[in-house]
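A.B. asks: sequence plus predicted model, see below.
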Amino acid sequence: MSDKKAVSTKNAPAAIGPYSQAVRVGDFLYSSGQVALDPATGALVEGGIEAQTTRVLENLKAVLEAAEIGLENVVKTTVFLKDMGDFAAMNAIYAKYFAPDGVVAPARSTVEVARLPKDALVEIEVIAKLKWRGLPEIGKL
(Lines give C-alpha, C1' and ligand atoms only; values in the text may rest on other atoms or scores of the structure.)
Protein backbone atom coordinates (compact mmCIF):
# COMPACT_ATOMS: atom_id res chain seq x y z
CA MET A 1 0.00 0.00 0.00
CA SER A 2 1.92 3.02 -1.24
CA ASP A 3 -0.01 5.71 0.64
CA LYS A 4 0.49 4.12 4.09
CA LYS A 5 2.74 6.32 6.24
CA ALA A 6 3.75 6.02 9.89
CA VAL A 7 3.14 9.00 12.18
CA SER A 8 5.20 9.35 15.33
CA THR A 9 6.20 11.89 17.93
CA LYS A 10 8.48 12.01 20.95
CA ASN A 11 5.63 13.77 22.81
CA ALA A 12 3.82 10.45 23.20
CA PRO A 13 5.19 7.10 24.42
CA ALA A 14 7.29 5.31 21.84
CA ALA A 15 5.94 2.11 20.37
CA ILE A 16 7.26 -0.82 22.40
CA GLY A 17 6.64 -3.43 19.74
CA PRO A 18 6.26 -3.88 16.00
CA TYR A 19 3.62 -1.18 15.53
CA SER A 20 3.35 2.55 14.80
CA GLN A 21 1.93 5.22 17.09
CA ALA A 22 -0.41 5.96 14.18
CA VAL A 23 -0.72 5.24 10.47
CA ARG A 24 -1.95 7.62 7.81
CA VAL A 25 -3.82 6.05 4.89
CA GLY A 26 -5.48 8.37 2.41
CA ASP A 27 -7.53 10.95 4.29
CA PHE A 28 -7.59 9.03 7.57
CA LEU A 29 -5.32 8.53 10.56
CA TYR A 30 -5.59 5.34 12.62
CA SER A 31 -3.94 5.47 16.03
CA SER A 32 -2.66 2.60 18.07
CA GLY A 33 -4.18 2.35 21.52
CA GLN A 34 -2.59 4.65 24.06
CA VAL A 35 -2.28 3.83 27.74
CA ALA A 36 -1.25 6.27 30.45
CA LEU A 37 2.50 6.12 29.98
CA ASP A 38 4.46 9.28 30.65
CA PRO A 39 6.35 9.95 27.39
CA ALA A 40 9.40 11.26 29.29
CA THR A 41 9.82 8.34 31.70
CA GLY A 42 7.90 5.48 30.10
CA ALA A 43 6.25 4.85 33.49
CA LEU A 44 2.52 4.43 34.03
CA VAL A 45 1.13 7.56 35.69
CA GLU A 46 -0.28 7.24 39.20
CA GLY A 47 -3.51 8.70 40.47
CA GLY A 48 -6.33 6.46 39.34
CA ILE A 49 -8.70 6.55 36.39
CA GLU A 50 -8.91 10.36 36.14
CA ALA A 51 -5.13 10.81 35.96
CA GLN A 52 -4.74 7.89 33.56
CA THR A 53 -7.53 9.07 31.25
CA THR A 54 -6.00 12.55 31.15
CA ARG A 55 -2.55 11.15 30.28
CA VAL A 56 -4.02 8.86 27.59
CA LEU A 57 -5.83 11.78 25.96
CA GLU A 58 -2.75 14.00 26.13
CA ASN A 59 -0.77 11.21 24.45
CA LEU A 60 -3.39 10.91 21.71
CA LYS A 61 -3.45 14.69 21.30
CA ALA A 62 0.33 14.64 20.74
CA VAL A 63 0.04 11.91 18.09
CA LEU A 64 -2.70 13.87 16.30
CA GLU A 65 -0.58 17.03 16.44
CA ALA A 66 2.25 15.11 14.77
CA ALA A 67 -0.18 14.62 11.85
CA GLU A 68 -1.05 18.35 12.00
CA ILE A 69 -4.61 17.77 13.18
CA GLY A 70 -6.45 17.91 16.49
CA LEU A 71 -9.06 16.18 18.60
CA GLU A 72 -11.81 17.86 16.59
CA ASN A 73 -10.78 15.67 13.62
CA VAL A 74 -11.51 12.43 15.51
CA VAL A 75 -14.52 10.60 14.09
CA LYS A 76 -14.37 7.33 16.09
CA THR A 77 -12.87 6.19 19.37
CA THR A 78 -12.62 2.85 21.09
CA VAL A 79 -12.18 2.88 24.86
CA PHE A 80 -10.96 -0.18 26.73
CA LEU A 81 -11.58 -0.13 30.49
CA LYS A 82 -10.17 -2.54 33.03
CA ASP A 83 -13.27 -1.92 35.17
CA MET A 84 -16.59 -0.67 33.77
CA GLY A 85 -17.15 0.81 37.24
CA ASP A 86 -14.67 3.52 36.13
CA PHE A 87 -16.90 4.51 33.19
CA ALA A 88 -18.41 7.66 34.73
CA ALA A 89 -15.05 9.03 35.89
CA MET A 90 -13.41 8.26 32.54
CA ASN A 91 -16.38 9.74 30.68
CA ALA A 92 -16.16 13.04 32.57
CA ILE A 93 -12.53 13.55 31.50
CA TYR A 94 -13.25 12.23 27.98
CA ALA A 95 -16.09 14.76 27.55
CA LYS A 96 -13.76 17.69 28.32
CA TYR A 97 -11.48 16.64 25.45
CA PHE A 98 -13.95 15.37 22.86
CA ALA A 99 -17.27 17.08 23.56
CA PRO A 100 -16.83 20.68 24.67
CA ASP A 101 -19.80 22.94 23.91
CA GLY A 102 -20.53 23.17 20.20
CA VAL A 103 -18.33 20.23 19.17
CA VAL A 104 -19.79 17.09 17.62
CA ALA A 105 -18.44 14.22 19.69
CA PRO A 106 -16.96 11.27 17.82
CA ALA A 107 -18.70 7.92 17.61
CA ARG A 108 -17.47 5.63 20.40
CA SER A 109 -17.38 2.07 21.60
CA THR A 110 -16.44 1.25 25.20
CA VAL A 111 -15.63 -2.25 26.38
CA GLU A 112 -14.42 -3.79 29.61
CA VAL A 113 -11.33 -5.96 29.22
CA ALA A 114 -9.61 -8.42 31.53
CA ARG A 115 -6.20 -6.77 31.36
CA LEU A 116 -4.37 -3.93 29.61
CA PRO A 117 -0.65 -3.39 28.92
CA LYS A 118 1.30 -2.38 32.04
CA ASP A 119 -1.87 -3.10 34.06
CA ALA A 120 -3.29 0.24 32.92
CA LEU A 121 -6.85 1.17 33.82
CA VAL A 122 -7.76 2.60 30.39
CA GLU A 123 -6.62 2.44 26.77
CA ILE A 124 -8.04 4.54 23.94
CA GLU A 125 -7.55 4.39 20.16
CA VAL A 126 -8.89 6.82 17.56
CA ILE A 127 -9.67 7.21 13.90
CA ALA A 128 -9.40 10.77 12.59
CA LYS A 129 -10.18 12.51 9.30
CA LEU A 130 -7.13 14.35 8.01
CA LYS A 131 -8.90 16.79 5.72
CA TRP A 132 -12.15 18.67 6.14
CA ARG A 133 -13.84 20.58 3.36
CA GLY A 134 -12.55 24.16 3.47
CA LEU A 135 -9.39 23.32 5.47
CA PRO A 136 -5.94 23.03 3.91
CA GLU A 137 -4.50 19.59 3.27
CA ILE A 138 -1.84 18.55 5.76
CA GLY A 139 1.74 18.67 4.56
CA LYS A 140 4.22 15.90 4.16
CA LEU A 141 4.58 13.82 7.32
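C.D. replies: That came through fine.
A.B. asks: hmm, who's touching the helix or strand hosting residue 53?
C.D. replies: Secondary structure from DSSP states H and E places residue 53 in helix 48-66. With Cβ atoms under 8 Å, 6 or more residues apart in numbering as the test, helix 48-66 has contacts from 7-9, 11-13, 21-22, 29, 31, 34-39, 44-45, 70-71, 73-74, 86, 89-90, 92-94, 97, 120-124, 126, 128, 141. For every residue, glycine as well, the C-beta is placed using N, CA and C.
A.B. asks: just the ones in helices from the residues you listed, please.
C.D. replies: Among the contacts of helix 48-66, the residues falling in helices (DSSP state H) are 89, 90, 92, 93, 94, 97.
A.B. asks: spit out the contact partners of the last one.
C.D. replies: Taking Cβ under 8 Å, 6+ apart as the definition of contact, the neighbours of residue 97 are 57, 61, 71.
A.B. asks: kindly recompute the last result at 6 Å.
C.D. replies: By Cβ atoms under 6 Å, 6 or more residues apart in numbering, residue 97 lies in contact with 57, 71.
A.B. asks: could you check the pLDDT of residue 131?
C.D. replies: Predicted confidence (pLDDT) for residue 131: 76.
A.B. asks: so it sits in a helix?
C.D. replies: No - secondary structure of residue 131 (DSSP: H, G, I helix; E, B strand; the rest coil): coil, not part of a helix.
A.B. asks: hmm, residue 104 and residue 98 touching each other?
C.D. replies: No - counting by Cβ atoms under 6 Å, residue 98 does not reach residue 104; the two are 9.5 Å apart.
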